[in-house]
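*Asks:* Sequence plus predicted model, see below.
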Amino acid sequence: MRLVSFAVHWIKAEIHEYVLRNWRIVKVATTKAQRKLFFNLRKTKQRLGWFNQDEVEMVARELGVSSKDVREMESRMAAQDMTFDMSSDDESDNQPMAPVLYLQDKTSNFADGIEDDNWEEQAANKLTDAMQGPGRA
């Protein structure tokens, strides 16, 4: 095998890897089937909008992947990146609402945390007083 042939193949593979890594903040294609879909789905998409079931099955057959993979990759590629916590200068009417504004952590309670901190502080103070004894305070 000539060096040029190998170099062309290697450079093309590196370019594909670079495109995949930098397409989105979150990886879009991690498996071999997903990578195949990532690079070929835009070529096979004939219209703007979602595939109908016949088109999904045709693309799946042509690329040798499942219909479920085609649907999943189509939705991944249509999705847009969104910041979790928008800064105050990003607030405008045309911006979507940041998830931090409507997601709630139900595993912890702020009031319970304050109560625990107060209890620990009081316990530490009482322990310090007890160790100093009645006449040493």
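*Replies:* Yes, it's here.
*Asks:* Does Ala29 belong to a helix, a strand or coil?
*Replies:* State at Ala29, reduced to three classes by DSSP: H, G, I helix; E, B strand; the rest coil: coil.
*Asks:* quick one: pLDDT of it?
*Replies:* Ala29 is assigned a pLDDT of 71 by the prediction.
*Asks:* doesn't Arg35 make contact with it?
*Replies:* Yes: look at Ala29 against Arg35 with Cβ atoms under 8 Å: they come within range, at 4.6 Å. C-betas here are computed from N, CA, C, even on glycine.
*Asks:* Which of the two has more residues huddled nearby?
*Replies:* A side-by-side neighbour count of Ala29 and Arg35, using other Cβ atoms under 10 Å, places Ala29 first with 21 against 16.
*Asks:* Next one: the more buried one from Tyr102, what distance?
*Replies:* 29 Å (Cβ to Cβ, to the nearest Å).
*Asks:* and Gln122, what element?
*Replies:* Assigning secondary structure by DSSP states H and E places Gln122 in helix 110-132.
*Asks:* cool, and Glu57?
*Replies:* Per DSSP H and E: helix 53-63 holds Glu57.
*Asks:* Report all helices and strands that the helix or strand of the chain with the lowest mean pLDDT contacts.
*Replies:* Scoring the helices and strands of the chain by mean pLDDT, DSSP states H and E places helix 99-102 at the bottom, with a mean of 71. Counting contacts by 3 or more Cβ pairs under 8 Å, 6 or more residues apart in numbering; DSSP states H and E, helix 99-102 is packed against no other helix or strand.
*Asks:* which residues of this structure score low on pLDDT?
*Replies:* Counting by pLDDT under 70, the chain contains low-confidence residues at 1, 20-21, 23-28, 46-49, 81-84, 86-96, 135-137.
*Asks:* again, 50 this time
*Replies:* Within the chain, no stretch has pLDDT under 50.
*Asks:* Tabulate the CA atom coordinates of the helix or strand where Asn40 lies in CSV.
*Replies:* In this assignment (DSSP H and E), Asn40 forms part of helix 32-44. Provided in CSV are the C-alpha atoms of helix 32-44 (Å, rounded to 0.1, in the frame of the first residue of the first chain):
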residue,chain,number,x,y,z
LYS,A,32,-20.9,2.9,14.2
ALA,A,33,-24.5,2.9,13.1
GLN,A,34,-25.1,6.4,14.5
ARG,A,35,-22.0,7.6,12.7
LYS,A,36,-23.2,6.2,9.4
LEU,A,37,-26.5,7.9,9.9
PHE,A,38,-24.9,11.2,11.0
PHE,A,39,-22.9,11.5,7.7
ASN,A,40,-25.6,10.1,5.4
LEU,A,41,-28.9,11.3,6.8
ARG,A,42,-28.5,14.9,5.6
LYS,A,43,-27.7,13.6,2.1
THR,A,44,-30.8,11.4,2.0
